[in-house]
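> how would this look folded up:
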Amino acid sequence: MNPVKYIFSYSEPQKHLIDIEFIAENINGDETTIQLPAWRPGRYELGNFAKNVKQFFPQDKKGNPLTFHKATKDCWKINTKNVSTLHIKYNYYAVELNAGSSFLDDKQLYVNPVNCCVYIPERMNEACEVELKIPNNYIVATSLKPDTPPIPIAIGTSPQESTFMRKTLPFGERWRGVASNYHELADSPFIASPTIQHNLFVMDGVEFNLWFQGECKPNWSKLINDFFIFINEQFVTMKGVTPTNEYHFLFHILPYRFYHGVEHLSSTVIALGPSYEVMRGDSFLELLSISSHELFHAWNIKAIRPAEMHPYDYTKENYSRLGFVCEGVTTYYGDFFLYRSGIYSDFEVNRALSKHLQNHFDNFGRYNLSVADSSFDSWLDGYTEIVPHRKTSIYSEGCLIAFMTDLMIRKYSNNERSLDDVMLHLYNEFAKKEKGYTEVDYKTTVEQMTGHSFDEFFRNYVYKANSYENALIECIEYVGFQLHTSFSKKYHERHYGIKVSETTPATKVIAIYPNSVAEKAGIQLNDEIISINGYQIKNNLTEWSKYLGQPAFANASEDKSEVTLIVNNTGKTRIITFTPSSEDYYKTYFIQKTSTPTEAQKKNFNAWSKRKF
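Numbers count the residues shown, from 1 in each chain. Got it, this is the predicted structure:
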């Protein structure tokens, strides 16, 4: 039987319309159902990709049009009586460029097949063939296997550089790749471009490919060195290599600030920017962090998968309360691998953990919805805050739950077991046996590592809306960490009770402390602050609020004079007046090592981090 075939082409890239053809032989029913995914794995909300489909034309192999009707928003019923071959032509509007989208312009064809590839539900396990009609100077970056061997080309001018190889695919107007089934196709994004940059290295028999699309000057030696280090740490942790023997990092480097990654079994797409920063300083550390995070997803979610998503059902929500494992554990390990392998300094790992602490304590949704229930509700309101303080984050709260779980396992097992062992057990006993795990399976595995009940911990912090402060203090003490708090350095956060965005031309309110003077005075989310006490605000509320609140002279008390804000929201201007509070609202939270560790804490820290205290 010939594979189901997908042909991608385009004629006017400036219109962002990808021409797609779907060809399936051996049609034997009077009616054939055609489905397009409603969501993509890695983003637990409906994407409704069918909204981008234009000019849907089904026909037989002779080009005769076939009648059809829509059954749902993304499902078509086609009359295929006496039809042996179904050939569908349609357009997909690809104008959004991020790690999970599809995009077309005159410089690249970028496709996440899960966005735009239709399928016949009962034939999802059949092989798929992809054909790209692209200019003859285009290179294709993907984990899909080409139907002809790739051409290895040495690059670099020095002997050291020339040992690194880049793999281009055979030039020509048509490139063909194959997938074993629809699930693999949906999980295999590709970028076709004449400007993509490439390098690779092999580690323990696994080929790792680094692809960079967009304005970028890759520092290949540093990239390969640091990737080698953190990947080795992941191999050591999981006691073996990645689930597949080839892996591709597909980077979109953008000219503006951006940060987004999406996981796949044999690849990841990562979108970062701006171009001039990604190879230096903290931006380079962000590149390493998100790369470590997405690679670990090859184990945790792509292989180790909740039972509710095994297999994926692309037609509807796949509800699960295990987001605190899928994303939380991965978020924890993404940075922890960098620290444990020696890439991160003490300062950098503390900063990474403290970011999630800050997110937790700034989010009053922790008192309204547990992290498990917030995972379930991601399908309801996605990843943006619609109702203030309604839910928590499977990333930040999930990371803290994973951090505490790891330390508790170590404590109860006298450092003989850790969260590493939990993930390894789930991989061996569930992923390798091609079955999903449940909430009970996860908790039971944690308890098996220690012989200790985790009922109270899961009841109070996984399944209950609660602050993690007391549990965190107790857990981190085991490795000699302390939780510190200080007042926010921004006067308007500390004494008004508002956080604002100052990265855009407008200064907008993005968070309000419950029952603060600003909230009681009538400040609302998304209020644009026009002026304070008659002085125009242009991304300088921090400076003006500090100035107005500071003492008039040395040793004087803070000025608590009344403040008048002019704000605008939905085209209406309002005047807000209040007196800054002497109460401290938003605070800063961070962890640090104790200055007086015990010998036990030093030992525990070494077992946890593979470093001396």
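
> where's residue 85 relative to residue 58, distance?
Going from residue 85 to residue 58 by Cβ to Cβ, to the nearest Å gives 11 Å. Using the backbone N, CA and C atoms, a C-beta is placed for each residue, glycine as well.

> who has more neighbours, those two?
Set residue 85 next to residue 58 and count neighbours by other Cβ atoms under 10 Å: residue 58 wins out with 22 against 15.

> Return the list of helices and strands in contact with the lengthiest helix in the chain.
Counting by DSSP state H, the longest helix found in the chain is helix 220-238. In terms of contacts (3 or more Cβ pairs under 8 Å, 6 or more residues apart in numbering; DSSP states H and E), helix 220-238 is packed against helix 159-162, strand 197-203, strand 206-213, helix 281-297, helix 328-340, helix 419-426.

> and with 10 Å instead?
For helix 220-238, the packing partners by 3 or more Cβ pairs under 10 Å, 6 or more residues apart in numbering; DSSP states H and E come out as helix 159-162, strand 197-203, strand 206-213, strand 246-253, helix 281-297, helix 328-340, helix 419-426.

> pLDDT averaged over it - what is it?
Helix 220-238 carries an average pLDDT of 98.

> what does stretch 119-129 give?
Mean predicted lDDT for stretch 119-129 stands at 98.

> For it, buried residues please.
Neighbour-count burial for stretch 119-129, counted by 16 or more other Cβ atoms under 10 Å, picks out 119, 120, 123, 124, 126, 127, 128, 129.

> from what I can see residue 262 touches residue 43, true?
Yes - look at residue 262 against residue 43 with Cβ atoms under 10 Å: they come within range, at 7.2 Å.

> Could you check the longest helix of the chain and say which residues are buried?
220, 223, 224, 226, 227, 229, 230, 231, 233, 234, 237, 238.

> Report the angle between that helix and helix 328-340.
120 degrees (axes from the mean of the first three to the mean of the last three Cα atoms, to 10 degrees).

> Now do helix 220-238: distance to the chain's middle.
Remark: helix 220-238 is offset 20 Å from the chain centroid, using Cα atoms, centre = their mean, to the nearest Å.

> And stretch 368-377, by the same measure?
Taking Cα atoms, centre = their mean, one finds the center of stretch 368-377 at 18 Å from the center of the full chain.

> what is the rounded mean pLDDT of that stretch?
Mean predicted confidence for stretch 368-377 is 98.

> Surely residue 369 is in a strand?
No - with DSSP: H, G, I helix; E, B strand; the rest coil as the criterion, residue 369 is coil rather than part of a strand.

> Could you tell me how far the nearest residue to it once chain neighbours are set aside is located from residue 456?
Leaving aside its sequence neighbours, residue 369 sits nearest to residue 391 (Cβ to Cβ, 6 or more residues apart in numbering; 4.1 Å). Residue 391 is 23 Å from residue 456, where distance means Cβ to Cβ.

> These two: who's more crowded?
Neighbour totals were compared for residue 391 and residue 456, and residue 391 leads with 25 against 9 (other Cβ under 10 Å).

> List the residues that contact the more buried one.
Applying Cβ atoms under 10 Å, 6 or more residues apart in numbering to residue 391 gives the contacts 363, 365-366, 368-371, 373-378, 380-381, 385, 397, 465.
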